[in-house]
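Asks: predicted coordinates and the sequence they were generated for:
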Amino acid sequence: MNDVSKLREQSRNWPAVVVVAAYAMLMFLWNSLGWQHLGLVALAWACLTRLPGPRRFVRDWWPLMLFWLAYDIMRVFSGSLLGRAAVQSLFDWEAALFRAPDGTIWPFHFTVWLERSGSAFWPHLLSRVCSQIYLSHLYLMPLIFLVLWLRRSERLFRRLLWSFTALHALSLIIYLVYPAAPPWWVYENGFRQPSPGFSMPQELASGSTLAALFQFNPNRFAAVPSLHAAYPLLLTLVLAYNGERCRWILFAGLYAACMCFACVFLNQHYIVDLLLGAAVVPAALLLASPKLRESFGPRT
């Protein structure tokens, strides 16, 4: 590519840089600019540099970047959704469909069991393991994408990319239409409606890692659909569709099962949330089906 062509290609990326700068300015004006937005600097640089690697990254990853920005901007207005967050309806469905042996629901059952266990070794260990599984989607899914991208596994990468993009689009719409309270909220506060100043878990108010993550979360009342359940299930199905080795499909399926258990055990999701998250996956695959059927030959 000659210098003139490079300059022309670079000039086409200036609108993206302007959008990134405008986004950062809006977050600053809304008093929502944080350390996590330092990535916008790297994104602007990747749009302008002549280095092929960063430019390929932006070209290939832009649907995921767009979702991260769309979800991040929810921190500006998510407080306005709390007044109509579904608090009792999900609990009622859970109680009707999935009662624990003690007559309550399974997320509450496990929470009471942990509280009664005190500092006993095995319950404490199980809680630690489930916490790590629960948080793993924050880094494991991006890591899978990154490994596939670095290895230039073009077909699987792009099939996952467009499947997750469809899932993200559907989830964002549902989050806006149907904000939903997780079970820990009902366990701690009953059916009281949350508010912008009253939406944090009480036991996490001491500045723990989970408290920091909750504080960082742009939307704390996005229990439906559960992406914790949808992510590994979608990963499993796309791996199977792509004809990957059985051991990777089984591992992804096991991860999905462990994630669902961790969500319920930690009182973060109702079983109903998980089922609704799983129900969105076929819709996402259907929406992404034109992309899934493409051959995805090597790109130049």
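Replies: That came through, no problem.
Asks: packing partners of the biggest helix by length in the chain?
Replies: As assigned by DSSP state H, the longest helix anywhere in the chain is helix 154-177. Counting contacts by 3 or more CB pairs under 8 Å, 6 or more residues apart in numbering; DSSP states H and E, the secondary-structure elements packed against helix 154-177 are helix 52-72, helix 137-150, helix 227-241, helix 271-287, helix 289-292. Heads up, the C-betas are built off the backbone N, CA and C, glycines and all.
Asks: show the average pLDDT along that helix.
Replies: The pLDDT scores in helix 154-177 average 96.
Asks: how about that helix: buried residues?
Replies: Neighbour counts over helix 154-177 (16 or more other CB atoms under 10 Å) mark 154-172, 174-175 as buried.
Asks: C-terminal to it, what's the next element?
Replies: Along the chain past helix 154-177, the next helix or strand (assigned with DSSP states H and E) turns out to be helix 183-189.
Asks: to Ala86, which of the helices and strands packed on helix 154-177 lies closest?
Replies: helix 271-287 (10.7 Å; CB to CB).
Asks: can you list contacts of that closest one?
Replies: Taking CB atoms under 8 Å, 6 or more residues apart in numbering as the criterion, the residues outside helix 271-287 that touch it are 90, 93-94, 97-98, 106, 163-164, 166-167, 169-171, 174, 180, 182, 223-230, 233-234, 237-238, 260, 263-264, 292.
Asks: quick one: buried residues of stretch 256-263?
Replies: In terms of neighbour count (16+ other CB under 10 Å), stretch 256-263 has its buried residues at Ala256, Cys258, Met259, Cys260, Phe261, Ala262, Cys263.
Asks: quick check: angle from the longest helix of the chain to helix 271-287?
Replies: Angle between the axes of helix 154-177 and helix 271-287 is 130 degrees (criterion: axes from the mean of the first three to the mean of the last three CA atoms, to 10 degrees).
Asks: centroid residue for the chain?
Replies: Leu227 (5.3 Å; CA atoms, centre = their mean).
Asks: does that residue touch Ser171 like I think?
Replies: Yes. Using CB atoms under 8 Å, Leu227 makes contact with Ser171 at a distance of 6.2 Å.
Asks: can you check which residues contact both of the two?
Replies: Counting by CB under 8 Å, 6+ apart, nothing touches both Leu227 and Ser171.
Asks: hang on, the earlier thing: how near is the residue nearest to the centre of the chain to Tyr241?
Replies: Distance, Leu227 to Tyr241, using CB to CB, to the nearest Å: 20 Å.
Asks: just Tyr139 next, same as before
Replies: As it turns out, when the distance is counted by CB to CB, Tyr139 lies 24 Å from Tyr241.
Asks: neighbour count: these two, which is higher?
Replies: Neighbours were counted for Tyr139 and for Tyr241 using other CB atoms under 10 Å; Tyr241 has more, 14 against 10.
Asks: how about that one: what's its closest non-neighbour residue?
Replies: Nearest residue to Tyr241 in three dimensions, chain neighbours excluded: Leu292, at 6.6 Å (CB to CB, 6 or more residues apart in numbering).
Asks: do the same with Leu274
Replies: Using CB to CB, 6+ apart, the closest residue to Leu274 is Ala229 (4.1 Å).
Asks: do you know the pLDDT at the one you found?
Replies: You'll see Ala229 listed with a pLDDT of 97.
Asks: from memory it sits against Tyr255, does it?
Replies: No. Taking contacts as CB under 8 Å, Ala229 lies outside contact range of Tyr255: 11.1 Å.
Asks: higher neighbour count, these two?
Replies: Under the neighbour definition other CB under 10 Å, Ala229 and Tyr255 were set side by side, and Ala229 has more, 25 against 19.
Asks: so what's the more buried one up against?
Replies: Applying CB under 8 Å, 6+ apart, we find Ala229 in contact with Ala256, Met259, Cys260, Cys263, His269, Asp273, Leu274, Leu275, Gly277, Ala278.
Asks: can you list the residues you listed in TSV and add pLDDT and distance to Asn219?
Replies: Written out in TSV, the entries for the contacts of Ala229 read as follows (pLDDT from 0 to 100; distance: CB to CB, whole Å):
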residue	pLDDT	distance to Asn219
Ala256	98	23
Met259	98	19
Cys260	98	21
Cys263	97	17
His269	97	15
Asp273	97	14
Leu274	98	18
Leu275	98	20
Gly277	97	15
Ala278	97	20
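Asks: just send the buried residues of stretch 256-263 back as a markdown table, with secondary structure and distance to Ser32 too.
Replies: Listed next are those as a markdown table, based on DSSP: H, G, I helix; E, B strand; the rest coil; distance: CB to CB, whole Å:
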| residue | secondary structure | distance to Ser32 |
| --- | --- | --- |
| Ala256 | helix | 33 |
| Cys258 | helix | 34 |
| Met259 | helix | 29 |
| Cys260 | helix | 32 |
| Phe261 | helix | 34 |
| Ala262 | helix | 30 |
| Cys263 | helix | 27 |
